[in-house]
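> pasting a predicted model and its sequence here:
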Amino acid sequence: MNTTRARAICRAIESWFATPGVPRDFPWRTAHRDPYRSLVAEVMLQQTQASRVAERLPRFLERFPDIQTLARARETSVLAEWSGLGYYRRAKNLHAAAREVLHRFDGELPVEVKPLLSLPGVGRYTAGAIASIAHNAREPIADGNVARVLLRIEGQPMEHGAPATMAWVWDQAETLVRAAASPAVLNEGLMELGAAVCTPRNPRCAECPARSLCKARKANTQDAIPTPKRRPDRTTLHHAAVLIRDARGRTLVERRSPDAGLWAGLWQPPTLETESRPATSAQLAAAFGIPRPRRSAAFDFLTSHRTVHFTVWSSETFVESSERHFKTPAQLAHLALSTPHRRLLLNLPAR
DNA sequence: TAAGCGTGGCC
DNA sequence: TGGCCAAGCTT
């Protein structure tokens, strides 16, 4: 991409994004950008749709209004407030980052990319976003949206999310930001364009401010860019047991996962991972060290990469509900929280 | 470097 | 409806 073309693309996207009514109204798009708010928002936005973050960011900021409050909070409180957002390591890292800012940077979030990158959970994208959007620094950003937009504008049929693809995208993003009138407007405009116009499916090319510059549109290849990522189709089985006593009892069987791996450090029903489908009630009872139930109901659910097989062990009072289907661990935990005895299960959304 | 990490929305 | 995707980062 030469300088003339970069300038043209920047002009198109910046003037579009600066048009009143174009940027969607989000709680992180405040008049003047508070760096702490930007940090929390950007971490929340990692691999998470903006509409979802918009629902949760205000409450998080209400509870942790500044970096000092966040740093002094207990990690379990931060995790609880993150509950339902997924990728809980983000919450742990954000909390740790706040503490580091307090101790290493005297409570002031760094402005430059390099020190930002030294904070846990802050990678190249997040550091670039804070520097360029909160401080208008001339720093590039490249995420899924930017990648899709630039791949299509340049007509590059590269694989979605592949390292070589992102290396190419970062290079283009840097060329662009050097040509921008405002790095903040360009970068946020690139992402907004990818999220609202240059969408993964059915892109609205007729509404695109860069349509006359887009090589994919000219070749009618926009639907084939980027090429889909090849995903290995591996399935593991997770057997989970839930033992709930009657109204007199107090026990929901729950355990804390090891600190590494799936559902790291989260409270959940005890689970047993297996390679094939065995697991009779007796086997699970032995594995979990709990008594074999009189009754049980078993069912599977599928998540993105794995099949989970649940065996629900129940008392008489719970049998009524045992036919329910749970699509996610969160839903299962909802059930647990509906019982009279409860400890917070952190892998669940708030009710 | 490739694989792992949560959950919800989309068609 | 099930696979793909979402304002990525870490190991």
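On my side now, so go ahead. Quick caveat: nothing in here was measured; it's all calculated off a predicted structure. Residues are numbered from 1 along each chain as shown, chains lettered A, B, ... in the order given.
> show me which residues of the stretch 51-200 of chain A are close to DNA strand C?
A:87, A:89, A:93, A:120-127, A:129, A:143-145, A:148, A:160-161, A:188, A:191-192, A:194-195, A:200 (CB under 7 Å from any atom of the strand). In short, each C-beta sits where N, CA and C put it, glycine included.
> where does chain A have low pLDDT?
A:230-351 (pLDDT under 70).
> rerun at 50
By pLDDT under 50, the weakly predicted segments of chain A are A:233-238, A:243-252, A:275-278, A:294-351.
> which residue sits closest to whichever residue of it sits closest to DNA strand C, ignoring its sequence neighbours?
Closest residue of chain A to DNA strand C, CB to the nearest atom of the strand: A:G123 (2.4 Å). Once flanking residues are discounted, A:G123 sits nearest to A:L117: 7.2 Å by CB to CB, 6 or more residues apart in numbering.
> list the contacts of stretch A:107-117.
By CB atoms under 8 Å, 6 or more residues apart in numbering, the surrounding residues in contact with stretch A:107-117 are A:35-36, A:39, A:67-68, A:101, A:105, A:119, A:122-124, A:126-128, A:130-131, A:135, A:137, A:139.
> that stretch near DNA strand B anywhere?
No - figure legend: stretch A:107-117 not in contact with DNA strand B (CB under 7 Å from any atom of the strand); closest approach 14.7 Å.
> pull up the distance across that stretch, start to finish.
Using CA to CA, to the nearest Å, one end of stretch A:107-117 lies 16 Å from the other.
> can you check stretch A:124-144 too?
13 Å.
> list the contacts of that stretch.
Residues contacting stretch A:124-144 (CB under 8 Å, 6+ apart): A:33-35, A:38-39, A:42-43, A:46, A:109, A:111-113, A:116-117, A:122, A:150, A:160-161, A:166, A:169-170, A:173-174, A:176-178, A:180, A:182-184, A:187-188, A:190-191, A:194.
> make a ChimeraX selection of whichever of those residues turn out to be buried.
To isolate the buried members of the contacts of stretch A:124-144 in ChimeraX, using 16 or more other CB atoms under 10 Å:
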select /A:33,35,38,39,42,43,46,109,113,116,122,150,160,166,169,170,173,174,176,177,180,182,183,184,187,188,190,191,194
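> and the residue of chain A closest to DNA strand C, how far is that from DNA strand B?
10 Å (CB to the nearest atom of the strand, to the nearest Å).
> repeat for A:L116
From A:L116 over to DNA strand B (counting by CB to the nearest atom of the strand), the distance is 19 Å.
> in which helix or strand does the residue lying closest to that residue once chain neighbours are set aside reside?
Distances taken as CB to CB, 6+ apart put A:A127 closest to A:L116, at 3.8 Å, once the chain neighbours are dropped. Taking DSSP states H and E as the definition, one finds A:A127 inside helix A:124-129.
> quick one: name whatever helix or strand follows that helix.
Next along from helix A:124-129, by DSSP H and E: helix A:144-153.
> and stretch A:77-89, which residues are buried?
In stretch A:77-89, counting by 16+ other CB under 10 Å, buried: A:V78, A:L79, A:A80, A:E81, A:W82, A:S83, A:G84, A:L85, A:G86, A:Y88.
> ditto for stretch A:48-58
Quick answer for stretch A:48-58 (16+ other CB under 10 Å): A:A50, A:V53, A:A54, A:R56, A:L57.
> what's the answer for stretch A:145-165, then?
Residues of stretch A:145-165 classed as buried by neighbour count (16+ other CB under 10 Å): A:145-154, A:156, A:158, A:160, A:165.
> chain neighbours aside, what residue packs nearest to whichever residue of chain A sits closest to DNA strand B?
Here the residue of chain A nearest DNA strand B is A:G86; by CB to the nearest atom of the strand that distance is 2.4 Å. Closest residue to A:G86 apart from its sequence neighbours, by CB to CB, 6+ apart: A:T48 at 7.0 Å.
> one more: A:R217?
Per CB to CB, 6+ apart, closest to A:R217 is A:C205, 5.2 Å.
> what does whichever strand or helix holds A:A195 rub up against?
Using DSSP H and E, A:A195 falls within helix A:183-196. Helix A:183-196 is contacted from outside by A:10, A:13-14, A:16-18, A:22-24, A:50, A:128-129, A:132-133, A:136-141, A:143-150, A:173, A:176-177, A:180, A:208-210, using CB under 8 Å, 6+ apart.
> do that helix and DNA strand B meet?
No - using CB under 7 Å from any atom of the strand, helix A:183-196 stays clear of DNA strand B, with a minimum separation of 11.8 Å.
> helix or strand right after that helix?
Later in the chain than helix A:183-196, the nearest helix or strand by DSSP H and E is helix A:215-219.
> need the phi and psi values for A:T227.
phi -70, psi 150 (degrees, to the nearest 10).
> ok, the closest residue to it other than its chain neighbours - contacts?
In this structure, A:T227 finds its nearest non-sequential neighbour in A:E159, 5.0 Å apart by CB to CB, 6+ apart. For A:E159, the contact set (CB under 8 Å, 6+ apart) comprises A:T165, A:P226, A:T227, A:P228, A:K229, A:R230.
> which among these count as buried?
A:T165, A:P226.
> need the contacts of A:E159 in CSV with secondary structure and distance to DNA strand B, can you?
Shown next, in CSV, are the contacts of A:E159 (DSSP: H, G, I helix; E, B strand; the rest coil; distance: CB to the nearest atom of the strand, whole Å):
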residue, secondary structure, distance to DNA strand B
A:T165, helix, 11
A:P226, coil, 15
A:T227, strand, 16
A:P228, coil, 13
A:K229, coil, 10
A:R230, coil, 9
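> alright, calling it a day.
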